[in-house]
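Asker: Let me see the structure of the following:
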Amino acid sequence: MINTRFVLPQQAAAIPVRKKSSTLEVCLIRRKGSTNWGIPKGSVDPGDTHEETALKEAWEEAGISGRLIGVSLGTYEYDKWDMTLEVVVYLMEVLEQHPTWQEVGFRERRWMSFGEAATLLATHPARVFLDRAKRLSSDSIG
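Answerer: Below you'll find the model as predicted:
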């Protein structure tokens, strides 16, 4: 039997981008001491939208705020907590960066080129969205 039930993604994420001088940069995060880089993401709380969640997670996990650009870049799935979670990914233009934030004690952020981000995310499911994020950023971020 085919499952026709529609399920919204349970998590939302942001690919944070800024223009520094004339260069576009991406912000990646990781737990301090880890070698695995990723993008800010988290579970969608009841009553919150996916867009609100992506912005909230960028603030909580990386200390950055801004605006989402366009519709979602797409979704990916990964396994956690003995289940498969679906994540919707958005492009975020970063307008502010704060020196301290909620998870600064155990997370670090790093700004880098799209090329370096692609290398560090080589095995991360969000890697496939970087090219589209770069194209949209070039057109939308002044």
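
Asker: Check the secondary structure at the residue nearest to Glu103 when sequence neighbours are not counted for me.
Answerer: Nearest non-adjacent residue to Glu103, counting by C-beta to C-beta, 6 or more residues apart in numbering: Glu61, 5.3 Å away. The way it works is simple: take the backbone N, C-alpha and C, and place the C-beta from them, glycine included. Put simply, Glu61 is helix when judged by DSSP: H, G, I helix; E, B strand; the rest coil.

Asker: wait, isn't Glu61 in contact with Pro40?
Answerer: Yes. Contact criterion C-beta atoms under 8 Å: Glu61 and Pro40 qualify, at 4.2 Å.

Asker: quick revisit: got the contact list for the residue nearest to Glu103?
Answerer: Glu61 makes contact with Ile29, Pro40, Lys41, Gly42, Trp101, Gln102, Glu103, Arg107 under the criterion C-beta atoms under 8 Å, 6 or more residues apart in numbering.

Asker: of those, closest to Gly66?
Answerer: Pro40 (11.4 Å; C-beta to C-beta).
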